[in-house]
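>>> no sequence for this one, just the structure:
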């Protein structure tokens, strides 16, 4: 009785969640939402794969009902692996964007040094340190 209620609740939640994602995805110009849905699919897929692997271990034990934690353990490991895959992918996307924008072949070492000297010399000249004056009397 309780398992039917849980299944019904999970099914309705999954249905509502998928319908809400498709309505948001239908609008144009939402690349971040598309990437987020792909990342969520990766995490859910690896979690499901881990649960299936945990479920497959039940056929090798005498009393499978005592080892149902293998399914939960497999799912949790799958989710952890999925999150690691998504994090690695996001880190590499950021690195590619940085290097694409930072690659300016006209900015050589001499130019960097001149820019550095110019920016720091104007920074140091504009500071007024007169408020740090101390007077010691004994």
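Happy to help now that I have it. Fair warning: this is a prediction, and the values are worked out from it, not measured in the lab.
>>> quick one: buried residues of the top helix by length along the chain?
For the chain, the helix with the greatest residue count under DSSP state H is helix 69-102. Using 16 or more other CB atoms under 10 Å as the test for burial, helix 69-102 gives 70-71, 73-75, 77-79, 81-82, 86. For the C-beta atoms, the positions are set from N, CA and C on the backbone; glycine is no exception.
>>> Make TSV out of the residues you listed and add distance to residue 55 and pLDDT.
Output for the buried residues of helix 69-102, formatted as TSV (distance: CB to CB, whole Å; pLDDT from 0 to 100):
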residue	distance to residue 55	pLDDT
70	8	90
71	5	90
73	11	93
74	7	93
75	9	92
77	13	95
78	12	94
79	15	94
81	17	96
82	17	95
86	24	93
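>>> pLDDT of the next helix or strand after the longest helix of the chain, averaged?
Next helix or strand after helix 69-102 toward the C-terminus (DSSP states H and E): helix 109-125. Helix 109-125 shows a mean pLDDT of 71.
>>> Give the other helices and strands that helix 109-125 contacts.
Using 3 or more CB pairs under 8 Å, 6 or more residues apart in numbering; DSSP states H and E as the contact test, no helix or strand touches helix 109-125.
>>> what does stretch 47-56 rub up against?
Outside stretch 47-56, the residues that touch it by CB atoms under 8 Å, 6 or more residues apart in numbering are 70-79, 81-82.
>>> so what does the longest helix of the chain touch, helix or strand wise?
When contacts are defined as 3+ CB pairs under 8 Å, 6+ apart, helix 69-102 sits against helix 31-56.
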